[in-house]
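Colleague: my questions are about this predicted structure, shown below with the sequence.
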Amino acid sequence: MKILIDSIKQAEVKKWFTDYVHTFKMVDRNIQQNIDLKKDHTMRVCREILQIGAQIGLDEDALRLAEIIALLHDTGRFEQISRYQTFMDSKSVDHAELGIKILKHFEVLKPFDDSIKELVYCAVKYHSKPSLPVIENENCLFFSRLIRDADKLDILNVVTEYYHKNGGGKNGAIVLDLPDTPGISYEVYGNLINRSIVNIEHVTNLNDFKLLQAGWIFDINFQPTLDSIKNRRYLELIREVLPESKEIDEIFDVINLSLNYSENS
Ligand SMILES: [Fe+2]
């Protein structure tokens, strides 16, 4: 399928997104902070996806589509945080599904062909799923992989900055209001030692959450993403904010081995 994306239509989508986010002017400072956080995250994910896309050789139309997907992937987050005061899907709503509903309601993709609409909906739907389905349209899977990588890169940017920030500025929504208790969960250890991504249901505290993010290394699709993770030292930055522990050292041995192996392959 040849992808064709008109730059004027793309600009209309950008305008819609900016106007839509502006409708969320919250009285509560904490919620407004999280609206701004997701807006800034979205802008950076757009840049990340363009960088990965360019490095793997996408043409201009495919890059425009990738940027639209990045722009819209977290559309549901704004209503989620303002309505439920959390980014935890299990305690509120599936933010990807909510985003698709909103995009359909506002007919944001009306200027595009049905095949493009379906690609965007598909990538938005799968961007936050624990794993991708085995059977789906190849283009859908490709753009889903792209947004998953770009999204992870910026989440790693946000959380590593947050973990290393000294003093105040606590924002529970970033870490899903998880308790900062000692130890790690047995299931999280088991997942990572077996080179699997961590099931969010097993995450019980902040240490587990940090390990879940380090374990994303097992779910990266493109070499430029792995290169960025390494160059920006995201794994080291996560390790530095975890306690000294034999189990955590073992986990990071497996993770680092996997990262170095992917470099040489
Ligand atoms: Fe995101």
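Modeller: Alright, I've got the coordinates.
Colleague: got the residues of the chain near the ion?
Modeller: Counting by CB under 5 Å from the ion, the positions of the chain adjacent to the ion are 74, 151. C-beta here means a position set from N, CA and C on the backbone, and glycine is covered the same way.
Colleague: tell me which helix or strand the most centrally placed residue in the chain sits in.
Modeller: With distances taken as CA atoms, centre = their mean, residue 151 lies nearest the centre of the chain, 3.1 Å away. If you go by DSSP states H and E, residue 151 is part of helix 138-164.
Colleague: next: residue 32.
Modeller: helix 29-55.
Colleague: with residue 5 instead?
Modeller: Assigned by DSSP H and E, residue 5 belongs to no helix or strand.
Colleague: residue 109: what secondary structure?
Modeller: coil (DSSP: H, G, I helix; E, B strand; the rest coil).
Colleague: can you give me the pLDDT of it?
Modeller: What the model reports as pLDDT for residue 109 is 97.
Colleague: how far away is the residue of the stretch 151-265 of the chain found nearest the ion from residue 213?
Modeller: Closest contact between the stretch 151-265 of the chain and the ion, by CB to the ion, is at residue 151 (4.1 Å). Per CB to CB, to the nearest Å, residue 151 is found 12 Å from residue 213.
Colleague: repeat that for residue 247.
Modeller: Residue 247 is 17 Å from residue 213, by CB to CB.
Colleague: who's more crowded, those two?
Modeller: residue 213 (18 against 15; other CB atoms under 10 Å).
Colleague: hmm, the more buried one is touching residue 159, no?
Modeller: Yes. With contact defined as CB atoms under 8 Å, residue 213 reaches residue 159; the gap is 5.9 Å.
Colleague: any shared contact partners between these two?
Modeller: By the contact definition CB atoms under 8 Å, 6 or more residues apart in numbering, residue 213 and residue 159 are jointly contacted by residue 238.
Colleague: name the nearest residue to residue 189, ignoring sequence neighbours.
Modeller: Leaving out its chain neighbours, the residue that sits closest to residue 189 by CB to CB, 6 or more residues apart in numbering is residue 247, at 5.3 Å.
Colleague: does that neighbour sit in a helix or strand, and which one?
Modeller: helix 246-264.
Colleague: do you know the pLDDT at the nearest residue to residue 259 once chain neighbours are set aside?
Modeller: Among residues not flanking residue 259 along the chain, residue 217 sits closest, at 5.6 Å (CB to CB, 6+ apart). Looking at residue 217, its pLDDT reads 96.
Colleague: on the three-state scheme, residue 217 is what?
Modeller: Strictly by three-state DSSP, residue 217 counts as helix.
Colleague: again, but for residue 172
Modeller: Residue 172 is classified as coil under three-state DSSP.
Colleague: contacts for stretch 217-235?
Modeller: With CB under 8 Å, 6+ apart, stretch 217-235 has contacts from 48, 51-52, 55-56, 131, 145-146, 148-150, 152-153, 156-157, 160, 195-197, 214, 252, 255-256, 258-259, 262-263.
Colleague: list buried residues within the residues you listed.
Modeller: Buried members of those, scored by 16 or more other CB atoms under 10 Å, are 48, 52, 145-146, 148-150, 152-153, 156-157, 160, 214, 252, 255-256, 258-259, 262.
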